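Asks: Everything below, folded, please.
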Amino acid sequence: MSIKKNLLIIGMAFLVLACGATKEKTESYVILDADQTAALMTNYMLEVPKNWYSYFGFHDMLSHSPNKSSILKENYYKSEVKVYSYDTDSFHSNDIETALKAHVVGLDLDNMLKPVIDFEEHAIYGKYYLIKRRFILNGDLFLNLRALFNYKNQDYIISYNALEKDFETYLPEVIQMIATFKIKEMP
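Replies: Numbers count the residues shown, from 1 in each chain. You can find the predicted model right below:
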């Protein structure tokens, strides 16, 4: 076997073991209380409306959804907010303009799936981009709104997915969540 194949096998084995080796894992699709939610927001803070709940959803990501369904798995993509910020090269940009180029694809499309881009000013972090796009999943039409921030060369994305018919219903609360977004300063 070649060295590349051996390294690939070792790398895959490490990945499998590392993913399953967490000491304490929060159960997926179980409503979290305010203290649990705050503790899981390791590098940011976000005020979740009282009529929303927080839970670990798909891919064990902290998710927030309107309190409209008692079966949390039904909210997967249907109405949810997540925050993405990874310590990887793909989430490190020199400024907000570079971040926009790194995180937005499909600008050259000339159809209904082409993203619409606007910008706003955040009280703390200044200019941020709002990227709205459509996508189709299992035959349903969805809208996705992403608020893209760049702070100290780190990119943060607040992502809101909803069925097209529900998008406007929850948008005011999502905009309020974006306004409350705060990055936790790390020493």
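Asks: Tell me who's in contact with the residue lying closest to Ser79 once chain neighbours are set aside.
Replies: Excluding the flanking residues, the one nearest Ser79 by Cβ to Cβ, 6 or more residues apart in numbering is Ala162, at 4.6 Å. Yep, even glycine has a C-beta here, placed from its N, CA and C like the rest. Ala162 makes contact with 78-80, 142-143, 169-170 under the criterion Cβ atoms under 8 Å, 6 or more residues apart in numbering.
Asks: Give me the buried entries from those.
Replies: Buried by 16 or more other Cβ atoms under 10 Å: 78-80, 142-143, 170, out of the contacts of Ala162.
Asks: Please flag which of those sit within strands.
Replies: Among those, the residues falling in strands (DSSP state E) are 79-80, 142-143.
Asks: Export these as JSON lines, with columns for distance to Leu46.
Replies: Listed next are these as JSON lines, based on distance: Cβ to Cβ, whole Å:
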{"residue": "Ser79", "distance to Leu46": "16"}
{"residue": "Glu80", "distance to Leu46": "13"}
{"residue": "Phe142", "distance to Leu46": "21"}
{"residue": "Leu143", "distance to Leu46": "20"}
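Asks: what's the most distant pair in those?
Replies: Glu80 and Leu143 (12.2 Å; Cβ to Cβ).
Asks: any shared contact partners between these two?
Replies: Residues touching both Glu80 and Leu143 by Cβ under 8 Å, 6+ apart: 161-162.
Asks: Now stretch 173-185: buried residues?
Replies: For stretch 173-185, a neighbour-count test (16+ other Cβ under 10 Å) marks 173-174, 177-178, 181, 183 as buried.
Asks: Of those, which belong to helices?
Replies: Cross-referencing these against helices under DSSP state H gives 173-174, 177-178.
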